[in-house]
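Chemist: Got a predicted structure here, sequence first:
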Amino acid sequence: MKLQCCVEVVSHLLPTYGMRGRGKGVRALVSIGKHMDKSSQHSHVYMMVCTAKDRTGNKYKLKDNIEKFFTWFVEEGKATVRLKEPAVDICLSKADANSLKSFLAAARLADRGGDTHSLPLSTLTPVRARDVEQPKKKLAIMSKKDYPLTSSFPHTLEQLQVSYCRLSRVDMRMLSLKALRRLDLSNNHIKKLPATIGDLSCLSELVLHNNHLEAFSEALCLSTLQRTLQVLDLSQNRLQSLPVQFCQLRELVHLKLDNNKLVCLPFHVGRLTKLRFLFAAHNQLTVLPCDFRKLSLENLDLFGNPFVHPNPLDHTMQLTFPLPLQEIASRAVAELRIPYGPHLIPAHLCRDLEVAKLCECGCICINFYIKTAVRMNLHQVSHTVVLVDGMGGTDAPVQRYFCSLSCYSEFLDNSLQRGIR
């Protein structure tokens, strides 16, 4: 039985001399196995601790030799085994919690002299250097010839960059790296993202710059990435739109969408309350969503988009008189915040409610409204703004919705009084 962890061996006598251990373990491989005692010609069960400096290891007899186990923090991968002879504490840390529990159970059985034949005892031999080296947390692969085909990625990786390798899909071996915090797959040929990326429960940075992506799936937006993803780089791809559910990624702080084919930003972009950096230059945006006004950014770049020149008198009339019963009922559901779902109402009605529009009067409209666009100075939502065009402007059109003709008329009157074109 073997356990990879950090180990510190501390003498009981240190406190007697007013001293204490360093409190910092070294990477080690700890084994439990049988060893022949040359003096008595009997085999006993020992614990052996091997480190990079001492790969032959130190052996500690276990039978009737464990004074106490300290397991208060075993769920965190920490435990201490106190031996009688020699008088030392073997402090274990940074271990897998389940493996540590099995290891301690085996040590306890050996101490009591129980039947150890059922235990997977190890041969107590010197270890290889790779067994006791520090776990690899960062890996960068920058060419196809360096890409591992037969070997696995180290399971301890927290940062992985695979660039310029001509990948056409995400390697499923990457999706088993549960400790991964940053995944950089920039400068490849990836066309589609697997939904299982959402199973990387620690992932806070995802870089997909310069690939062939044509879509960002709803499944990713509804995965554990909702709680972890802070940096997302989708720049220089082939995206034309993002799903409504995209704004469920509410931990986003840094979002890059430059050099795509986006014709619109997500409808509920204002729900990204933690977003501070937004880059969407060189797309096909003609107008910004109404929700854009709710953002509070530090840096914004919308340069190179074909924004229209808004005129409040130019509008889209999508009203009927009287309103259909379905529209009235949908507005009531939205305004009263009545719970709904596909198990209660048809799925297409759920999708309509997801993109409910807010009128200037505070009322909700669903499929029947008047739509126009007004000019907004982007400094209202961002401290720093990259010029929108080569003329030095920082204004952009933002959509506005009105639930009735009277609301639109009132808006026009107020606009004329303020001298807004």
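Modeler: In hand now; what should we look at?
Chemist: Now the element after the helix or strand bottoming out on mean pLDDT in the chain, going C-ward?
Modeler: Of all the helices and strands that make up the chain, strand 122-123 has the lowest average by mean pLDDT, DSSP states H and E, namely a mean of 74. Tracing the chain C-terminally past strand 122-123 and defining elements by DSSP states H and E, one meets strand 138-141 next.
Chemist: Run through who's touching the helix or strand following that following strand.
Modeler: On the C-terminal side of strand 138-141, the nearest following helix or strand under DSSP H and E is strand 159-162. When contacts are taken as C-beta atoms under 8 Å, 6 or more residues apart in numbering, the neighbours of strand 159-162 outside the stretch itself are 137-142, 147, 153, 171, 174, 177, 180-186, 188, 207. C-beta coordinates here come from the backbone N, C-alpha and C atoms, glycine included.
Chemist: try 7 Å this time
Modeler: The set of residues external to strand 159-162 that reach it, using C-beta atoms under 7 Å, 6 or more residues apart in numbering, is 137-141, 153, 174, 177, 180-185.
Chemist: What's the mean pLDDT across it?
Modeler: Within the predicted structure, the mean pLDDT of strand 159-162 is 94.
Chemist: Over to stretch 319-336?
Modeler: pLDDT averaged over stretch 319-336 equals 85, rounded to a whole number.
Chemist: can you pull the pLDDT of the residue lying closest to residue 238 once chain neighbours are set aside?
Modeler: Distances taken as C-beta to C-beta, 6 or more residues apart in numbering place residue 214 nearest to residue 238, at 4.9 Å, with adjacent residues excluded. At residue 214 the predicted local confidence, pLDDT, stands at 93.
Chemist: try residue 116
Modeler: Value listed for residue 116 in the pLDDT field: 63.
Chemist: Give me the secondary structure label for residue 28.
Modeler: In three-state terms, and counting by DSSP: H, G, I helix; E, B strand; the rest coil, residue 28 is strand.
Chemist: any idea which of the contacts of strand 159-162 is closest to residue 249?
Modeler: Minimum separation from residue 249 among the contacts of strand 159-162 (C-beta to C-beta) is found for residue 183, which lies at 15.0 Å.
Chemist: Check for me that the closest one belongs to a helix.
Modeler: No. Counting by three-state DSSP, one finds residue 183 to be strand, located in no helix.
Chemist: isn't it right next to residue 202, touching?
Modeler: No. Counting by C-beta atoms under 7 Å, residue 183 does not reach residue 202; the two are 10.4 Å apart.
Chemist: So the two - more neighbours on which side?
Modeler: Neighbour count, other C-beta atoms under 10 Å: between residue 183 and residue 202, residue 183 has more, with 22 against 13.
Chemist: residue boundaries of the strands in the stretch 201-350 of the chain?
Modeler: Counting by DSSP state E, counting those that start in this stretch, residue ranges of the strands within the stretch 201-350 of the chain are 205-207, 231-233, 254-256, 277-279, 297-301, 315-318.
Chemist: Nearest to residue 387 among those would be which one?
Modeler: strand 297-301 (9.2 Å).
Chemist: could you say what helices and strands the closest one packs with?
Modeler: strand 277-279, strand 382-386 (3 or more C-beta pairs under 7 Å, 6 or more residues apart in numbering; DSSP states H and E).
Chemist: re the thing from before, would you mind listing which of the contacts of strand 159-162 are buried?
Modeler: For those, a burial check counting by 16 or more other C-beta atoms under 10 Å picks out 139, 141, 153, 174, 177, 180, 181, 182, 183, 184, 185.
Chemist: Just give the nearest non-adjacent residue to the fifth one, would you?
Modeler: Setting aside the residues directly before and after it, residue 177 is nearest to residue 157 in space (C-beta to C-beta, 6+ apart), at 5.1 Å.
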